[in-house]
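Student: show me the folded form of this:
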Amino acid sequence: MITPLHYTAIVFDLDGTLIDTWPSLFAAAQAVAPGCAPRPDVLRHALSEGIAPMFERAARHLTPTGPERAALASAMHHDYLTRKLTDAQPYDGVDIALQRLAASGYPLALCTNRDRASTEILLRHLGWQSLFRHTQCLDDGLPAKPDPQPLIATALHVAEHPSQVLFVGDSHIDAACAQAAGMHFAAHLGGYHTHAHDLRPAVVWYRHIDELSQRLAQPLPVMEVNHD
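Tutor: Numbering: from 1, shown residues only. Predicted coordinates:
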């Protein structure tokens, strides 16, 4: 028998966890530099650090000089934001799963290394604005993940202590962040990590979000959580 997982709230990463943004991001890099972008697996790994680092990695592959590299990365970012941002699609089953988790009483939050402007555009496009009680973005004044500060701050918006909260992500950045924050981690195997062992330690690994939902018990009231 599989033991249910008990938490007070759930925090999700965005890119590679809830939505597959990789195709639209890679398309932007190719649109600016057709046929010259580095290997997809190299850029996918950089995406865990944020959109800007991914485009900077692509530009660095194409030109060694600082000014030209910065201009190229900026052009890729502009093409993405103006032409391809809302092409991203949720992973199969995510939309319904989020609605069911929220309806069951789970406070949901988002902690992403994506900037706030593009995050809010995506949430509006997907109709998810009301699903998350708090959204923590890269430019909100705290360090980027894997520094635990943004994740801890997010957890405290939905629970009394980070240990009461499950963090769901897809990369070594997310796994390291959860561990540093003292939180349990659920690993999405369909995201942007290079190897499955990058996602350790995790309390559950899943490919379809229904596999995660089936492991979650009803949310614990704050008063029932053990603070020891």
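
Student: quick check: domain ranges of this protein?
Tutor: 9-18+91-217, 21-87 (the TED database).

Student: so which of those domains is the most packed in?
Tutor: Highest mean neighbour count of these: domain 9-18+91-217, a mean of 20 (counted as mean count of other C-beta atoms under 10 Å). (Each C-beta comes from the backbone N, C-alpha and C, glycine too.)

Student: for the residue of the chain positioned farthest from its centre, give me its contacts.
Tutor: Going by C-alpha atoms, centre = their mean, the residue of the chain most distant from its centre is Thr65, 31.1 Å out. With contacts taken as C-beta atoms under 8 Å, 6 or more residues apart in numbering, Thr65 has no neighbouring residues.

Student: Ala176 now?
Tutor: 145-146.

Student: secondary structure class for it?
Tutor: helix (DSSP: H, G, I helix; E, B strand; the rest coil).

Student: confidence score at it?
Tutor: With respect to pLDDT, Ala176 scores 98.

Student: from Val165, how far out is it?
Tutor: Using C-beta to C-beta, to the nearest Å, we find Ala176 at a distance of 17 Å from Val165.

Student: Pro107 too?
Tutor: To Val165, Pro107 is 9 Å away according to C-beta to C-beta.

Student: what is in contact with those two at once?
Tutor: Both Pro107 and Val165 are in contact with 8-10, 158-159, where contact means C-beta under 8 Å, 6+ apart.

Student: would CSV of those residues with distance to Val94 be doable?
Tutor: Shown next, in CSV, are these (distance: C-beta to C-beta, whole Å):
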residue, distance to Val94
Thr8, 21
Ala9, 18
Ile10, 13
Val158, 19
Ala159, 22
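
Student: among the residues you listed, which ones are in helices?
Tutor: Using DSSP state H, the subset of these located in helices is Val158.

Student: so which of the domains of the chain comes closest to Thr3?
Tutor: domain 9-18+91-217 (8.4 Å; C-beta to C-beta).

Student: need the distance between the two termini of that closest one.
Tutor: 11 Å (C-alpha to C-alpha, to the nearest Å).

Student: ok, the closest residue in space to Gln99 that isn't next to it in sequence - contacts?
Tutor: Spatially, and ignoring its direct neighbours in sequence, Gln99 is nearest to Leu131 (7.0 Å; C-beta to C-beta, 6 or more residues apart in numbering). By C-beta under 8 Å, 6+ apart, the contact set of Leu131 is 98-99, 102, 108.

Student: nice, that's everything, thank you.
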